[in-house]
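Asks: need a 3D model of the following:
(one chain, ligands or ions: 1)
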Amino acid sequence: MPLDIPSAPLSDSVGYARHAAVAIITIDNPPVNGLGHSVRQGLLAGVKKAADDQAVRAVIIRGAGRMFCGGADIRQFNTPAASAAPTSRQVVAAIESSAKPFIAAIHGNALGGGLELAMGCHYRIADRAARLGLPEIKLGLLPGGGGTQRLPRLIGLSPALGMILGGNPIGAARAAELGLVDRLADDDLLAAALEFASDIAAQTEHPVARNRPPPQDTSGLIAQERARLSSRRHPGAAALACLNCLDAATLMPFEEALTYERSRFEELVAGAESKAIRHLFFAEREAGKIPGITGKVEPLPVNRVAVIGAGTMGGGIAMALVNAGIPVTLIEREAAALDRGLATIRKNYAITVSKGKLSAEAVAEREKLITPTVELSAVADADLVIEAVFEDMEVKKALFDELDRLCRPGAILATNTSRLDVNAIASATSRPEAVVGLHFFSPANVMRLLEVVRPDKVAPEVMATAMALAQHIGKLPVVSGVCEGFIGNRMLTPYWKEAWFLLEEGASPSQIDRALQDFGMAMGPLALSDLTGLDINWAARKRLAPTRPKHLRYSRVPDRICELGRFGQKTGAGFYRYEPGSRTPIPDPDIDALIEECAREAGIRRRTVTDSEIVERCIYALVNEGASILNDGIAQRASDIDLVYVNGYGFPAHRGGPMYHADMIGLASVFARVEAWHAAGEAHWAPCELFRRLATEGGQFNR
Ligand code: T1G
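Replies: Below is the predicted model:
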């Protein structure tokens, strides 16, 4: 059967061919066959051409390249092209009203507007590996091309609600079970679609989604979901709008509900939340790019990794690697520590199995990929070694000296340090060009963010390998230069300091945490420090004390808390106290008294501090440090900083990240506040040159 039938162009991204009595319309708009304006024009032209062609009895729509269609062209949103006729809705309406049956031949992805296009067709044939979904909610949007109306008519309200509010695609087999796909293709998709076309040729009636009975919400599903959403601090505009559109599907005539859906979509696509989330969508794709390296320098093969340290980080890293099918040699100096690490890994997998996320067989396969040993010499056959040992420079230098001698030539040596100088670690080896930082975030088998720290002497192929490995194991790699704390932890320092200063000036821990959670932070700064452990940063402050500039304001609050042995949740008390076995922060009058004493000692008259002042000072502390990180060349781009804070530190995605948030407020306004605090004698607010220049020139961090 001919795989590829020559097409005549209908537009610069849609082709038309006829094979016997079947017209074949092919979308060819790399990289994802997005439904840009030229695609929509071509599709409508194809619908008309097939209608006029007397020889045509059925029509197949398919995608060229690696997928059927990845949805509307997000880059065209908020531009005239997005709503230029013909819209997706008009194309789908023309297909649905066609007297000739349309068959969507789906491979790769059918997402968003791509699935909506397929649901406008009378039938859907899918390759078994295909994935179908309506991920719009992940862009702060809703399916605006009829998805909220056709999907529940095709598969029922409950599965439709799950797909639309979850935003996750389903596989072709599941789609077939639900009735979203009419036939699965085992190998040749086009052949299967052509065969299906001949199977239905004799039929005079063909199913039209819009004519199916509307979904009924007999079990109060929508009300339950609305209550669940409303109980969230930030349910998100898109989730509520999706729910309202599904409700409309059960209550309104089809056309009226379609108009309602379109209005809600237009509100969302013009809204700040979706624009912020779409900023992050593209930022994620930018983050993986290192100019001059990715796409140009071939990554080195990584077939075996040695992980040194089977503690929380080492065990999580080992899991992240075997989850991607990469064999791991897990090394600990002592058998007892190794056994503890393996037991933790087994426990974590058991939880995953109990949640139904993985089968016991799949877990067994992954655990088989881990080779535990107490012999450091086992690193000899590793292509990459990742150390996750005690966070001490001398310990790490000594280990890297040993690794340099034990590892094969060409092996890459990576450190998981969260803030130490990777150049200094590299200098402990004879191969600094092979040393890189891979700063995983805990839990390393769950958190997507990975700071790839780029030392001065690292070779381009080592960076290319680190970025490729990160993406292979499903991480979100962000390149950071070498500095104290890289990107994320460096920004955390002034953020926490501002919170401590606000405590001394009159705010309480609960007020500060609540104000920032109302802003959208997943956790308040003080509860966060209790979670991460106050002792880690206390050690850093003590290490840096000899070089701390004396003119900078310094709060004794966290030191005094640590001196009481209160390191946070791990000791049952920090800024808050915790009941045994509980992680719920409980305000502690002893801490209030300690704060008042620190204020007195610092000569600070306490006052009423407003929530808005708390938010402004803490968030602008992030922005000001982010600007310095950009100024110092530590981050490649502002959107990388946004990604670090949204994915690693709970910054609200619907505000786009700290730098994007400042851009939306206007840098002149943000800079004016920073400059005012600096001019009032708060030396730690000194803005960098880049911030000053952008603010005065009307620029933005995210260009
Ligand atoms: N529009 C524009 N560009 C897109 C795009 C899209 N929909 N999807 C991907 N790209 C770009 C991406 O920025 C990157 O660009 C390149 O394509 C490869 O992407 C009306 C309103 C399809 C699963 O949400 O999930 O339809 O960096 O690296 O890993 O109801 O892309 O190369 O310059 O991600 O193979 C709904 C979003 C839109 C799907 C492919 N659709 N995309 O993954 O490639 S809204 C989505 C994805 C909508 C309708 C509604 C993934 C993918 P560059 P990539 P991939």
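
Asks: and the strands in the stretch 151-300 of the chain, which stretches?
Replies: 170-171, 183-185 (DSSP state E, counting those that start in this stretch).

Asks: please identify the buried residues of the last one?
Replies: For strand 183-185, burial by neighbour count (16 or more other CB atoms under 10 Å) applies to 183-185. C-beta here means a position set from N, CA and C on the backbone, and glycine is covered the same way.

Asks: tally of neighbours for the residue in the stretch 201-350 of the chain positioned nearest to the ligand?
Replies: Nearest residue of the stretch 201-350 of the chain to the ligand (CB to the nearest ligand atom) works out as Arg285 at 3.7 Å. Arg285 has 9 neighbouring residues, counting by other CB atoms under 10 Å.

Asks: do the same with Arg405
Replies: Other residues near Arg405 number 10, with proximity taken as other CB under 10 Å.

Asks: distance of the residue of the stretch 201-350 of the chain closest to the ligand from Leu534?
Replies: Distance, Arg285 to Leu534, using CB to CB, to the nearest Å: 37 Å.

Asks: pick out whichever of the buried residues of strand 183-185 sits closest to Ala227.
Replies: Of all the buried residues of strand 183-185, Leu184 has the smallest distance to Ala227: 37.4 Å, by CB to CB.

Asks: give me the beta-bridge partners of that closest one?
Replies: With DSSP bridges as the criterion, Leu184 is bridged to Ala126.

Asks: list the contacts for the closest residue to Phe77 other than its chain neighbours?
Replies: Leaving aside its chain neighbours, Phe77 sits nearest to Val269 (5.4 Å; criterion: CB to CB, 6 or more residues apart in numbering). By CB atoms under 8 Å, 6 or more residues apart in numbering, the contact set of Val269 is 77-78, 82, 141, 144.

Asks: wait, what's in contact with Ser555?
Replies: 497, 500-501, 503-504, 598, 602.

Asks: for Pro509, same thing?
Replies: Counting by CB under 8 Å, 6+ apart, Pro509 has contacts 503, 524, 526-527, 575-576, 585, 587, 591.

Asks: mind running it again at 10 Å?
Replies: Contact partners of Pro509, counting by CB atoms under 10 Å, 6 or more residues apart in numbering, are 499, 502-503, 524-527, 529-530, 557, 574-576, 585, 587-588, 591-592, 595.

Asks: cool, and Gly147?
Replies: With CB under 10 Å, 6+ apart, Gly147 has these contacts: 112-113, 115-116, 119, 133-134, 136, 160, 163-164, 242, 245, 261, 265.

Asks: about what we covered before: let me have the buried residues of strand 183-185 in TSV, adding distance to the ligand and pLDDT as columns.
Replies: Below are the buried residues of strand 183-185 laid out as TSV (distance: CB to the nearest ligand atom, whole Å; pLDDT from 0 to 100):
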residue	distance to the ligand	pLDDT
Arg183	23	97
Leu184	20	98
Ala185	20	96
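
Asks: between those residues, which sits nearest Lys347?
Replies: Nearest member of those to Lys347, counting by CB to CB, is Leu184, at 37.8 Å.

Asks: quick one: contacts for that closest one?
Replies: Residues near Leu184 by CB under 10 Å, 6+ apart: 125-128, 130, 172-173, 175-176, 192.

Asks: need the buried ones from those selected in PyMOL.
Replies: Here is the PyMOL command that selects the buried residues among the contacts of Leu184 (16+ other CB under 10 Å):
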select buried, resi 125+126+127+130+172+175+176+192
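
Asks: among the contacts of Leu184, which ones are in helices?
Replies: 172-173, 175-176, 192 (DSSP state H).

Asks: that older thread, tell me which of the strands of the stretch 151-300 of the chain sits nearest to Tyr649.
Replies: When those are compared by CB to CB, strand 170-171 sits nearest Tyr649, at 31.6 Å.

Asks: how about residues contacting the closest one?
Replies: By CB under 10 Å, 6+ apart, strand 170-171 touches 126, 128-133, 155, 159, 162-163, 176-178, 180-181.

Asks: filter the contacts of Gly147 down to the ones near the ligand?
Replies: 112-113, 116, 136 (CB under 6 Å from any ligand atom).

Asks: okay, the residues you listed in TSV with neighbour count, pLDDT and secondary structure next?
Replies: Listed next are these as TSV, based on neighbours: other CB atoms under 10 Å; pLDDT from 0 to 100; DSSP: H, G, I helix; E, B strand; the rest coil:
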residue	neighbour count	pLDDT	secondary structure
Gly112	29	98	coil
Gly113	30	97	helix
Glu116	30	98	helix
Glu136	30	98	helix
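
Asks: which two of those have the greatest separation?
Replies: Glu116 and Glu136 (9.6 Å).

Asks: shared neighbours, the two?
Replies: Overlap of the contact sets of Glu116 and Glu136 (by CB under 10 Å, 6+ apart) consists of 71-72, 143-145, 147-148.

Asks: how about a markdown table for the residues you listed, with distance to Asn445 added?
Replies: Converted to a markdown table, these look like this (distance: CB to CB, whole Å):
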| residue | distance to Asn445 |
| --- | --- |
| Gly71 | 30 |
| Ala72 | 34 |
| Pro143 | 32 |
| Gly144 | 36 |
| Gly145 | 37 |
| Gly147 | 33 |
| Thr148 | 35 |
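
Asks: skipping adjacent residues, who's closest to the residue in the stretch 551-700 of the chain that the ligand sits nearest to in space?
Replies: Using CB to the nearest ligand atom, the single residue of the stretch 551-700 of the chain nearest to the ligand is Ser639, 12.0 Å away. Excluding its sequence neighbours, the residue lying closest to Ser639 (CB to CB, 6+ apart) is Ala283, at 3.5 Å.

Asks: no further questions, thank you.
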